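>>> I would like the atomic coordinates for the input below:
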Amino acid sequence: MQGFIRAAIGQSVVINVIFVGLILCAVTIAVPNMAVDRFPNIAFGEVEITTPYPGGNPEEVESLVTREIEDALRDMQDIEWIRGSSRSGRSTVRVKFDDDTDYSGLYDELRLRVLAIQNRLPVVNDRPLQPRFNLIDVDEWLPLIQVNITATPGPSPLDQRALSLLGEDLRSRLERLPGVKKVDLMGDQPQQFELVLRPDALQRHGVDINQVAAALRASGRAEPAGSIDTPLGERIIRVENRYRSIDDMASVVVRRDGDGTLLTVGDLVNLTASTTRPIPGSVRQSISGRVSVGAKVLKTPRSSALRVKDAVVAEVDIFVAGFDEPRFEIIYSEDNTIEIRDGMGVLAQSLLLSVVLVMVLLFLFLANRSRRWNVSLMALGLGGVLVMLSSDSGLVTALCIGGLGTIILLTCRAAVLAVSGVVFSFLGALLIFWIMGQSLNEITLLGFILVSGIIVDDAIIVIENIQRHREQGKPLLQAAVDGCAEVFLPVVSAALTTAFAFLPMLMMTGAVGEFFALVPIAVTTALLISLVEALIILPLHVVEGERLLGPDPALKRLRTQGGEGAFMAALRRAYDRLLRYNLHHPKACLSGAGLLFVIALGILIYSSQAPRYGRAPIIRSEFFPEDLSVLMLTMRGPMGTSITATDERGRALAGSLHDMGRNRILTVTTFAGMTLDTTYKPVFANNRAVMMVKLPPRGERDFADARAWMHELRSYVRENWSGDGWSVELRPAPTGPPTGMPVNVRVSGSNDTAISALADDLFAWMQQESGADGMLPGVSDLSDDRQDTAQQLAFQIDRQRASIYGVSEQQIGSFLVGASEGLYVGEFRRHDGDIPLRLRLPEAVSNDPAALMDVLIVDDAQGRALRFADLGTLEITTIPANRERRDFQRTITITGDLDAGSPLSASHVVRIIQDWYRPRAAQYPGASLAFGGEAESTARSYQTLAMAFVLALVLIYAVLSAQFQSFVQPLLILSNVAFSFTGVVLLMGGLGILGQVFDGLIRPERTLFTVNSFIAIIGLSGLVVNGGIVLMDFINRRLREGLDDEEAIITAAHQRLRPIILTTLTTMAGLLPMAVGLPDFSVTWGPFATSFIGGLAVSSAMTLLVLPPLVLIFVRMRRSAQQAWLRYHPASNPQA
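Reported below is the predicted structural model:
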């Protein structure tokens, strides 16, 4: 190994060219051209099939559309579940593929299967229903930006149609921009032309609606009639008779009387009332209370969100400049780059702060300066941190880091060399990511922050060991070769164990697994690059640096003063006393460590069981907490509320929120006629509306706590906008992996009666127990998918009378369609395309059942005029507004939210409901319970994470056993994993207890155990063994040198004291800003950093204080076993 290192140092030109070239390539090519996202764009493996069926009630939609599509997919392979939702006028089938299958191939097969049965679907407008397919990915629910066009207030503002035309023009412009994948037009209400009949004219002329419709269908067509050859060439012949104006339709002849009089459509319709109108069921959009049309921009996977957004804004400016006096305004909403800048800004600043802290720590431990120097540098470091936190300027940040780095370079070159490895590793990893087509996002940046301290560890071990050999008086080159060679294998093993700890996270399946897959990729890539830098490039730079700049000032002081500084000497004396006590009292030492582990286990058990008994847990669990950058407000009105009334109320509410000021509410985008659940599934209903409330960027807010502001908003909307049959709910908009509601219970089976009974009883019990004194405290916003109902007017045909009068059921049905939706009679040609043409009765008649029953429907054979009432009766019934199915069975889903102060987690709610259901299951034959939402996602992800954890331990053990050629020594080192778990629980549990004892002292989010916390524990399993690896290697070396057992352990422990403390503190320093919340606390990543710091601190302390007694016990037991063997087998003694 020494020959290899010496040869590498001898190739200084080649290595420096590679070093500088890689940095230049990364800085000039990779970083500027790298895609930037908030999250990686992953496919969820879900397809949504939406099929509009105008006029169909939920039962008809289910039987004629939803079930037909389900049957087409019944025997398809690799499908995890199928959910069908049937509402008035719309069928939605959602299909989830099995995780980690060929989503693209399965999507193609699904489309072919559904299109193959299209002819079995109902016919509307003379053609079968047209299913629409949507393969869901991250971009679908996190668009880049939405550009909204709204009319300028004034005496004659632009109408909806004008806004739609402007939106279509803008969409065509934006779709041509590089990096734009597609642009969806939101709030564009499709239109149709309605011919409104006059019932009095129908009755006077003895004509029914079917006769008028037949006449209109027979005309208004444009059909090819062949071609002819003329002296001037071939000419195509075409019968051009399209409807282009209302006069064209008014001139159509309905009947020719015997006296030659022509009865035309114009004699039977109200030409003034006949006009273009929105198709019923269209979603209406508004922005901050103003009617608008929005262009939702989605970018391509390999483009940068920031650059595409800038291009979009520039193109919009050009678009607006094309109008001399534009009567519209542009408002941006759903700007995802705000979260990108905020989130990545927090992470990037945390990374820079960690670099400053690491340099200061390395100086304090390696420079051996006086106390005045140490205090001065700490003051400079603190001042630099404060300046960086108070300034948004990148130049100021760079100057702070550069100035501090220069001072440290001149006083302790080793500190800067160690940190330079971080920069080299990150740039190398970014270059590889750019080549692979990966983006820079919050997940990759988190991995870099996590690995920043780990990368420094390798450099510290090498530099510290070279420095130790220099302190022994060896020449520079020999010290570099010997110092690097001595720790070469331990450093490689440490890097491999860390990589093997993270790589099994790739086993996580589904959207959550793909979401976090970049963490192990980023960590492993940076680690491998840092390994090359620490073992090849770093020794070269140590040698080259001293040759060019002279001896390191820190080493020079060590040689002239002959020893360590006062701080390190005092620390070493204190450690020596503790170490010798533990070696002399191993039982007491191990008992204390075991007690801490038992306490941590007790905290976990208490936290998991406390909610069952109405107690608050010490550590709360939440799968993936939302960051509260966007709030989702849903509004529901009484059944029967028109979409116009819903839109008006929604715009009034949005306007009141907008009036609070841009420092509190940035924008409010309202969609009337639909809502969204937390699985990103749209739910369409005229009495529903959803508002996306965008909070301003962190630096522009006049409130400090977003969660407290959300609670204040929730109280406001409930107090001022609830009542009179209206309800409002406000909760964080989903921004992480799709998990669903915290409370999500499915009641399904084959017995509809039992399903309804079980759902009713369970819902009533959950409402009763959701109070502060109940078993489900903090459960709020309970609802089920049966709460929406609709009033149905059912016409009961008197078949005997209809037969007597010679009226068919088809005629009666056509009359009803004409009274409500309108009869489709053709297409109306406008300058921008064709729109449906419908024939209908006036709303005054169709909306009044009594007037409707009095309308003439047909003349019978004897010439008598028949009213609609002569053929049957109308009955008013209440029906469910939607019908839900899952996996071909009827399903009722109960959902709810958890308040921020609730002692429960999603898993707690599941266990409590299961305890209620078990003794009652026999009462509901043919019905059963299942759980989805956050509980389902949590269970699945934690299960795969647990498997990844076990695999990581196996891989780490394999690496350690290969290095030490022992079965037991790897187990001793792996004991640090248990100690790291102890540290995580003790730190989070301590914060939780402080938060409960001193209300408001600790933010509740700091004590959340999330999926990120579990990932931190897995990562710790590889990191915490690093110190033990090198310590065990040095103990073995000292034992081979012939030292006494205890003396060998003490000597090795003192040799590794400084690097273990340094690596621990530098890794903690890399995560400390994120854990503390500098510059801002992230509820998503803060618990992750807290978990990591707690586990690392305790495990490092155990490495220095508990591992030596364990090794001493093992060495003595092994020697006793060997001596016992030799007593009974003296022939095997080599010295005999």
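>>> which regions of the stretch 751-900 of the chain lie under the pLDDT threshold?
Low-confidence segments of the stretch 751-900 of the chain, defined by pLDDT under 70, span residues 787, 856-865, 900.
>>> Now Val817: closest residue in space, sequence neighbours ignored.
Computed as C-beta to C-beta, 6 or more residues apart in numbering, the closest residue to Val817 that is not its neighbour in sequence is Leu823, at 5.5 Å. Glycine gets a C-beta too; all of them are placed from N, C-alpha and C.
>>> Any regions of the stretch 501-650 of the chain where pLDDT drops low?
Within the stretch 501-650 of the chain, the segments meeting pLDDT under 70 span 510-511, 551-567, 612, 614.
>>> can you map out the strands along it?
Secondary structure of the stretch 501-650 of the chain, counting by DSSP state E, counting those that start in this stretch: strands at 620-621, 630-636.
>>> Just send the ones you listed back as a markdown table, with distance to His1054 and mean neighbour count too.
Below are the strands of the stretch 501-650 of the chain laid out as a markdown table (distance: least, C-beta to C-beta, whole Å; neighbours: other C-beta atoms under 10 Å):
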| stretch | distance to His1054 | mean neighbour count |
| --- | --- | --- |
| strand 620-621 | 42 | 24 |
| strand 630-636 | 54 | 22 |
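>>> out of those strands, nearest to Asp317?
With C-beta to C-beta as the measure, strand 630-636 is the member of the strands of the stretch 501-650 of the chain nearest Asp317 (25.4 Å).
>>> Now do the closest one: everything it contacts.
334, 646, 649-650, 653, 675-676, 687-695, 710, 713, 717, 721, 726-735, 788 (C-beta atoms under 8 Å, 6 or more residues apart in numbering).
>>> Just give me how far it sits from the chain centre.
Offset of strand 630-636 from its chain centre (C-alpha atoms, centre = their mean, to the nearest Å): 18 Å.
>>> swap in stretch 516-533?
Relative to its chain's centre, stretch 516-533 lies at 23 Å (C-alpha atoms, centre = their mean).
>>> Same question for stretch 577-596.
45 Å.
>>> Endpoint to endpoint, it covers what distance?
Using C-alpha to C-alpha, to the nearest Å, the end-to-end distance of stretch 577-596 comes to 21 Å.
>>> And what about the residue lying farthest from the centre of the chain, helix, strand or coil?
Distance from the C-alpha centroid of the chain peaks at Asp259, with 74.2 Å (C-alpha atoms, centre = their mean). Put simply, Asp259 is coil when judged by DSSP: H, G, I helix; E, B strand; the rest coil.
>>> Now do the same for Leu972: its pLDDT.
Leu972 is assigned 91 on the pLDDT scale.
>>> To clarify, my last question referred to Ile401.
For Ile401, pLDDT reads 63.
>>> for Glu168, same thing?
pLDDT, Glu168: 92.
>>> From Ile149, how far out is it?
Applying C-beta to C-beta, to the nearest Å, the value for Glu168 to Ile149 is 10 Å.
>>> More neighbours: these two, which one.
Ile149 (28 against 14; other C-beta atoms under 10 Å).
>>> Might you report the residue contacts of that one?
163, 166-167, 170, 292-295, 328-330.
>>> So Thr150 lies in a helix, does it not?
No: under three-state DSSP, Thr150 falls outside any helix and is assigned strand.
>>> Would you quantify the distance from the residue farthest from the centre of the chain to Arg161?
43 Å.
>>> How many residues are close by the nearest residue to Leu604 once chain neighbours are set aside?
The shortest distance from Leu604 to any non-neighbouring residue, by C-beta to C-beta, 6+ apart, is to Val985 (5.9 Å). Neighbour count of Val985, defined by other C-beta under 10 Å: 29.
>>> so what's Val985 up against?
Val985 makes contact with 600-601, 603-604, 619, 1094 under the criterion C-beta under 8 Å, 6+ apart.
>>> Name the nearest of these relative to Val416.
Using C-beta to C-beta, Gly1094 comes nearest to Val416 of the contacts of Val985, at 29.6 Å.
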